[in-house]
Each structure stands twice: as structure tokens, then as C-alpha cells.
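K.L.:
here is a sequence with its predicted model. Questions after.
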Amino acid sequence: MTTVLLGNIVALVGAAIMVLIGFLKTKKQILTAQCFQYVALSVSNAILGAFSGITANVVGIARNLFCMKREFTAPWKIAFIAAQLALLFAFNSDGWLGLLPAAATCAYTWFLDRRDEVQLKTVLILTVLCWAVYDFVFKNYVTFAFDLGTAVSNLIGIITLRKAEKRG
């Protein structure tokens, strides 16, 4: 079995978890499931040689575990963003492509607590597009497809929210 095929099979597990997260109801359930998603995607990234993706996922796991226990204030956001950047500079072997998962993780971390659904969905679209480019370059085609699907579904969500605002 080739590494590309194996990496994409493992990525399918992470992508399936990503889809299932949409059915979860509590923040704790979502954050816990995301941790499992990040583990699967980290394994996939390791198989495919996408090491900056691993560091972004590790920071995501730490951030989610922290958010389940404590309030996620601005100083903590800055601390997690600084940790992401430190790991990027320490372990980035992906060149400029390594900036994409780091940028996505930093942006998502900063806007994670937004209550405005349109703002959060906009951030999700931008961050998932960073991941889409990264995933495509590293031949993580399964995750790339799910990245695009996530961007489209969030765009539809924004349109739906805007229409509801106009009616209300």
C-alpha cells in the first residue's frame, strides 16, 4: 500500500469525525470529538510528510482540552497563538506551505469564542481554505475534499443567516 493511499485512508477517519461533529450538541462533546479528529489528521499528516499540519493539530488538541476546563480569555488566546508560532518556527520543514496550517490555527484560536455566527462561519471558511491548499499539495485528497465541502456548507450557512436577518 502506498503512503498516499494509507495517509488518505487515515484522513477519512478524521474527516468522518469532522462530519459527525456537526451532530453534537454540547461544547464539551464538540471539543472532545475535535481532539480525536486532530489525532487522526495528525497521523495522516505524518504518513504524508506534512509536518506543519501535525504541529497545528497538536496545538488544537491542547487548546480544546484547555477550553474544556477554563475560560478562554484573550491572554490565553495569545499564549496558544504564541505556542503555535514557536512550534512553526521550530519544526516547519514545509517552507511557505507550513505557514498555512499555522495561520489557520492562529485565526481559529483567536475567533473561537465569537458569538456572531456569520463572523465564525467566515473565519471557518478562511481557515479551511488554508488547510485545503495545504492538504492538496501534500496529496491529502480526502481531507481536501472535506475542506472544500466545509467551506461551501459554511457559505450556504452565511447566506441562510443573512436571508433570515432580512426577513426578521
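P.N.:
Received it, and whenever you're ready, just let me know what you need. No experiment lies behind these values; they were computed from the predicted model shown. Numbering: from 1, shown residues only.
K.L.:
only C-alpha atoms for contact and neighbour calcs from this point on.
P.N.:
Fine.
K.L.:
got the buried residues for the least confident helix or strand in the chain by mean pLDDT?
P.N.:
When the helices and strands of the chain are compared on mean pLDDT, DSSP states H and E, helix 141-167 comes out lowest with a mean of 90. The neighbour-count check on helix 141-167 (16 or more other C-alpha atoms under 10 Å) flags 141-144, 146-148, 150-151, 154-155, 157-158 as buried.
K.L.:
and for stretch 34-46?
P.N.:
Of the residues in stretch 34-46, those buried by neighbour count under the rule 16+ other C-alpha under 10 Å are 34-46.
K.L.:
that older thread, just give me how far the least confident helix or strand of the chain sits from the chain centre.
P.N.:
On the basis of C-alpha atoms, centre = their mean, to the nearest Å, helix 141-167 is displaced by 15 Å from the centre of the chain it belongs to.
K.L.:
who are the packing partners of it?
P.N.:
The elements that helix 141-167 packs onto, with contact taken as 3 or more C-alpha pairs under 8 Å, 6 or more residues apart in numbering; DSSP states H and E, are helix 3-21, helix 117-137.
K.L.:
what about 6 Å?
P.N.:
In terms of contacts (3 or more C-alpha pairs under 6 Å, 6 or more residues apart in numbering; DSSP states H and E), helix 141-167 is packed against helix 117-137.
K.L.:
re the thing from before, inside helices: which ones of the buried residues of stretch 34-46?
P.N.:
34-46 (DSSP state H).
K.L.:
next one, pLDDT for the closest residue in space to Leu161 that isn't next to it in sequence please.
P.N.:
The shortest distance from Leu161 to any non-neighbouring residue, by C-alpha to C-alpha, 6 or more residues apart in numbering, is to Val118 (7.3 Å). Taken from the predicted model, the pLDDT recorded for Val118 is 85.
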